[in-house]
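Visitor: sharing a model prediction with you, sequence too.
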Amino acid sequence: MRVIPYDERPYRPCVGIFLINDAKQVFGGRRIDGRAEAWQMPQGGIDPGETAIDACMREMGEEIGTSSAELLCEHDAWLYYNIPLPLADRLWHGQYKGQKQKWMALRFTGKDEDININTAEPEFCEWRWLEPHELVNLAVPFKRDVYDDVLKAFSDFV
């Protein structure tokens, strides 16, 4: 597979999951791949022919082992971030320069015991409910602007 020059690469379509509990805290998971102390909200690619909400529910099951949630709101815009070049070359066979994300705010309707990060292909090595403002500082620097936007867009829910 030919590696596309970084500036010519498209953005990978993706969904982001802003999962809120009854205490108005947001789900955060620490990445299993050892990227420093990187914490993030669940996210993942949108498959061809899949809607953003379908991808959201699938990714939630794949990453945190539950679909116990109800949709509150869909962000009205796509949010973009670039992945630093060395990492972009390793991910997705070097075909993307970053991700464009459609974010969903969901209310968690299950119990904490319903969350299981030990999935078939684990993304996280630990998880916890975080105060919304904590997410930005815990995220990798290249995602912080997107997280700021998500927090502003969904501020009515937290």
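Guide: That came in fine, so what should we check first?
Visitor: give the helix, strand or coil label for Tyr80.
Guide: strand (DSSP: H, G, I helix; E, B strand; the rest coil).
Visitor: the closest residue to it other than its chain neighbours: helix or strand, and which one exactly?
Guide: Computed as Cβ to Cβ, 6 or more residues apart in numbering, the closest residue to Tyr80 that is not its neighbour in sequence is Lys100, at 5.0 Å. (C-beta placed from N, C-alpha, C; glycine too.) Per DSSP states H and E: Lys100 is located in strand 98-108.
Visitor: in that strand, what counts as buried?
Guide: Within strand 98-108, the residues scored as buried using 16 or more other Cβ atoms under 10 Å are Gly98, Gln99, Lys100, Gln101, Lys102, Trp103, Met104, Ala105, Leu106, Phe108.
Visitor: for this structure, what's the longest helix?
Guide: Longest helix in the chain by number of residues (criterion: DSSP state H): helix 52-64.
Visitor: list the contacts of Trp129.
Guide: Contact analysis of Trp129 by Cβ atoms under 8 Å, 6 or more residues apart in numbering lists Asn21, Ala23, Gln25, Val26, Phe27, Gly28.
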